[in-house]
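Undergrad: coords please:
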Amino acid sequence: MSSNNASRKVVSVDEQAFENADEQTVDEDGFAVVDETPELAATVDQEKQAKVDANHPDGIAETSADRIPGVTLEQEERIRAREAERERIRSRAELGTQDGREKRTREVAAAGSRQRRTRFQTRAASVNPWADPERADPRAELTTDQLAAVNSEAARLAKQLAGWSRAAIARRLGEAVAGGRDLTSAVVRVFEALETAPGQVIPIGTLADVDRKEVSIAGRVKTLWDPSHPSIAQVGLIADDSGQTRVTVWQKSDAPWIAEGDQVRIHGAARNWYEGRVSLAVTGWSTIHFPERDRWWDV
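TA: Numbers count the residues shown, from 1 in each chain. Coordinates of the predicted model:
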């Protein structure tokens with residue numbers, strides 16, 4: 001039962017506008033100030049979504065570009081986890097194929113090196129039959145007495161030739177003897193060849209017979225004299241038991257200073273001729289060592 005004292009005042013839209021007009025602000029000229037800022041209000045769908053967001057967090061509609069559209073956060077996390085697991089398995093599979101790659105690379109490189117050496121030796125066999133990789137060791141063709149003599153001479157030469165093993169010298173001697181040379185001439189021939197081989201310190205007296213642009217020698221500085229040109233740092237004579245030769249040290253070589261009486265070992269000296277005689281030049285590619293300098297046992 002409604003009360004007789006209750007009343008409802010119904011106000012029309014025009015009346016509300018008229019009442020609001022009385023409350024409008026006017027400017028200094030008396031004109032009403034109109035607020036053009038639109039009033040924003042949520043739609044029915046937005047209000048429903050707000051209720052869902054407030055009561056069901058798993059149903060939040062995320063519009064971020066980083067999110068997977070059309071799925072909940074829980075579903076997205078499961079999808080991301082499966083993708084990460086697949087990526088991990090794929091990475092392990094790829095790494096598995098790389099396992100042992102370094103070993104396989106070494107094996108392939110070694111096989112290629114053997115093939116290239118075999119091809120080179122096959123070509124060299126046209127000049128030296130003993131270079132043929134298919135040919136047996138020449139010492140197998142020697143008699144027992146010849147083999148014993150070759151091994152004895154190889155052991156003796158190994159003490160005189162630094163950097164050469166007894167086996168390498170014996171093979172060279174075996175090739176010469178199997179080729180028809182007598183043991184004495186074979187020893188002389190092999191000794192001279194190995195003594196002047198590239199990289200070996202050769203006797204100064206054999207410089208004229210060596211067919212190379214760069215050589216290594218060892219000897220003592222016999223005398224020094226004044227250079228004849230500013231581009232020359234030092235010039236003098238270096239001698240050993242086999243002979244002596246003129247050595248020119250160029251300024252640009254930046255070589256260490258030598259003194260008379262020094263025992264020196266020069267590697268990579270350039271071989272040339274001066275006044276009809278073979279001579280050496282120390283360049284930027286050369287190195288000079290002093291075996292006797294700063295020896296603590298001489299102090």
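
Undergrad: all contacts plus neighbour counts: C-alpha atoms, from now on.
TA: Fine.

Undergrad: near the nearest residue to residue 283 once chain neighbours are set aside, how many other residues are there?
TA: The shortest distance from residue 283 to any non-neighbouring residue, by Cα to Cα, 6 or more residues apart in numbering, is to residue 253 (4.6 Å). With neighbours defined by other Cα atoms under 10 Å, the count for residue 253 comes to 16.

Undergrad: I'd say residue 253 and residue 281 touch.
TA: No - using Cα atoms under 8 Å as the test, residue 253 is too far from residue 281 to be in contact (9.6 Å).

Undergrad: what strands line up against the host helix or strand of residue 278, and which way round?
TA: Secondary structure assignment for residue 278, by DSSP states H and E: strand 277-282. Strand pairing for strand 277-282, using DSSP bridges, gives strand 243-250 (parallel), strand 263-274 (antiparallel).

Undergrad: buried residues in the last one?
TA: Using 16 or more other Cα atoms under 10 Å as the burial criterion, the residues of strand 263-274 that qualify are 263-272.

Undergrad: over to the shortest one?
TA: Going by neighbour count (16+ other Cα under 10 Å), the buried part of strand 243-250 is 244-250.

Undergrad: now the strands paired with strand 277-282 in TSV, with distance to residue 92 and mean pLDDT?
TA: What follows is the strands paired with strand 277-282, written out as TSV (distance: least, Cα to Cα, whole Å; pLDDT from 0 to 100):
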stretch	distance to residue 92	mean pLDDT
strand 243-250	60	93
strand 263-274	52	89
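
Undergrad: where does the prediction get shaky in the stretch 1-150 of the chain?
TA: 1-40, 42, 49-67, 70-71, 93-100, 121, 124-136 (pLDDT under 70).

Undergrad: one more time with 90
TA: Within the stretch 1-150 of the chain, the stretches with pLDDT under 90 are 1-147.

Undergrad: ok, now how distant is residue 266 from residue 232?
TA: Using Cα to Cα, to the nearest Å, residue 266 is found at 17 Å from residue 232.

Undergrad: swap in residue 183?
TA: Counting by Cα to Cα - residue 183 and residue 232 are separated by 48 Å.

Undergrad: which one of those two is surrounded by more residues?
TA: Taking other Cα under 10 Å, residue 183 and residue 232 do not tie; residue 183 has more neighbours (18 against 15).

Undergrad: my guess is that one contacts residue 177. True?
TA: Yes - judged on Cα under 8 Å, residue 183 makes contact with residue 177 at a distance of 6.2 Å.

Undergrad: rewinding a little: look up phi and psi at the residue nearest to residue 283.
TA: Main-chain torsions, residue 253, degrees, to the nearest 10: phi -70, psi -20.

Undergrad: for it, give me its contacts.
TA: 282-286 (Cα atoms under 8 Å, 6 or more residues apart in numbering).

Undergrad: which among those gets closest to residue 158?
TA: residue 286 (27.1 Å; Cα to Cα).

Undergrad: roughly how far apart are that closest one and residue 162?
TA: In terms of Cα to Cα, residue 286 sits 20 Å off from residue 162.

Undergrad: which of those two has more neighbours?
TA: Neighbours per residue (other Cα under 10 Å) separate residue 286 from residue 162, with residue 286 holding more: 19 against 12.

Undergrad: quick check: closest non-adjacent residue to the more buried one.
TA: Here the residue nearest residue 286, using Cα to Cα, 6+ apart, is residue 268, at 4.6 Å.

Undergrad: okay but residue 244 is in contact with residue 204, surely?
TA: Yes - counting by Cα under 8 Å, residue 244 does reach residue 204; the two are 6.0 Å apart.

Undergrad: export the buried residues of strand 263-274 to a markdown table and tack on distance to residue 104?
TA: Shown next, in a markdown table, are the buried residues of strand 263-274 (distance: Cα to Cα, whole Å):
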| residue | distance to residue 104 |
| --- | --- |
| 263 | 49 |
| 264 | 46 |
| 265 | 43 |
| 266 | 42 |
| 267 | 38 |
| 268 | 38 |
| 269 | 41 |
| 270 | 42 |
| 271 | 45 |
| 272 | 48 |
